[in-house]
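Trainee: Any chance you could fold what I've pasted below:
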Amino acid sequence: MQAYAPLFSILNQAIDDQQYSLNKALPKEMYEPMAYIIGLGGKRVRPLLTLVGCELFDANPKEAIHAALAVELFHNFSLIHDDILDNAPLRRGHSTVHEKWGHNIALLSGDGMMVKAFDILSNANSHHVLELLKLFSRTAIEVCEGQQLDMNFETQEKVSVENYIHMITYKTAVLLGCSLQMGAICANASDKNQKHIYEFGKHVGIAFQILDDVLDVYADDGKFGKQVGGDILSNKKTFMLLNAFELANENQSSSLQYLLTSKEVLPTEKVKQVTAIYDTLGVRELAVKEANTHTAIALKHLEELDAEATRKNDLKAFALHLLNREV
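Mentor: From the prediction side, this is the model:
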């Protein structure tokens, strides 16, 4: 988005500088995977939001650059580990780290990125660093808890939609809220403004994850950058699957159970048949409706912010653009 082009420039330069230092470090087997996944780019939404959260409250966004780098490193650490746990072959349209270097190196490189994130954050303004570290640490453990809940759901027979929302709040949404709030902290924003910007980011994150689950099933292979149907193949409890079981008649429920547990159904056929049940039950539309509900909550928190109207409108437009993917 054009309004944030200067912030992207600041962010990308800082990331490039950091990537160079990773490439020069030894042992290279540990650091090359770090540089690789960072070099794959992605939208870099989370670290950008940290700079946005700082500028929103009339501060120089460079005040939040250490926080932004920490967010980007932590996010990529989580992606490396998530891909291992999901046995995912693709990330951003390229081979995942564990596919290229093996599981052991991928785990160690991911761990190194998380440690590096805290190290970089410790270099933030001394007036803010303690508050930043407390928020970042809380968020980091919540993300890990969310990942564990996601894994637990795979073997639990009964998972409620409410449990699913709680899981994605921790696994995905809290990092968006944290990213914005860390920027606000660097700008000396009030507690009230920090709370509203955090809640805005959190609910955008919930909407984003629900729509990401939809895209996992319905996206164009060439545009998604990940394996389409991956959640179905790994039997993930998504908003659509949970609602499908709630809405299914006896025959549909039996079919779903068979497709999720059978080792005889080919992967492509499994994705095709589960998707057909989703289509019949209309769970895609229910997911989009739920995402819209959380988007509305997010925008209400944005309205409550004591910030310049143009900057709030820019953030609103960016969030809606982020959510307006092909679903």
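
Trainee: list the buried ones in stretch 311-327?
Mentor: For stretch 311-327, burial by neighbour count (16 or more other CB atoms under 10 Å) applies to 311, 312, 314, 315, 318, 319, 322, 323, 327. In this view, the C-beta of every residue, glycine as well, is placed from N, C-alpha and C.

Trainee: Which residue ranges of the stretch 51-200 of the chain form helices?
Mentor: Taking DSSP state H, counting those that start in this stretch as the test, the helices found in the stretch 51-200 of the chain are 65-86, 97-101, 103-121, 129-153, 161-168, 174-186, 191-218.

Trainee: ranking the ones you listed by burial, who's on top?
Mentor: helix 174-186 (a mean of 29; mean count of other CB atoms under 10 Å).

Trainee: angle of that helix against helix 65-86?
Mentor: Put simply, helix 174-186 runs at 170 degrees to helix 65-86, going by axes from the mean of the first three to the mean of the last three CA atoms, to 10 degrees.

Trainee: Tell me how far helix 174-186 lies from the chain's centre.
Mentor: Mean-position distance between helix 174-186 and its chain equals 14 Å (CA atoms, centre = their mean, to the nearest Å).

Trainee: Which neighbouring elements make contact with it?
Mentor: Here helix 174-186 touches helix 45-55, helix 65-86, helix 129-153, helix 191-218, going by 3 or more CB pairs under 8 Å, 6 or more residues apart in numbering; DSSP states H and E.

Trainee: Looking at the buried residues of stretch 311-327, spot the one nearest residue 72.
Mentor: Distance to residue 72, by CB to CB, is smallest for residue 322 among the buried residues of stretch 311-327, at 16.2 Å.

Trainee: Kindly provide the distance from the closest one to residue 204.
Mentor: The gap separating residue 322 from residue 204 is 7 Å, by CB to CB, to the nearest Å.

Trainee: for residue 182, same thing?
Mentor: Look at residue 182 and residue 204: by CB to CB, they are 16 Å apart.

Trainee: CA-only coordinates of stretch 176-191, as CSV, when you get a sec.
Mentor: In CSV, the C-alpha atoms belonging to stretch 176-191 read as follows (Å, rounded to 0.1, in the frame of the first residue of the first chain):
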residue,chain,number,x,y,z
LEU,A,176,-0.4,-9.1,15.3
GLY,A,177,-1.7,-7.3,18.4
CYS,A,178,1.8,-7.5,20.0
SER,A,179,3.4,-6.1,16.8
LEU,A,180,1.2,-3.0,16.9
GLN,A,181,1.4,-2.5,20.6
MET,A,182,5.2,-2.7,20.6
GLY,A,183,5.2,0.2,18.1
ALA,A,184,2.8,2.1,20.3
ILE,A,185,5.1,1.5,23.3
CYS,A,186,8.0,2.9,21.4
ALA,A,187,5.9,6.0,20.7
ASN,A,188,5.0,6.5,24.4
ALA,A,189,1.3,5.9,23.7
SER,A,190,-1.1,5.9,26.6
ASP,A,191,-2.3,2.6,28.2
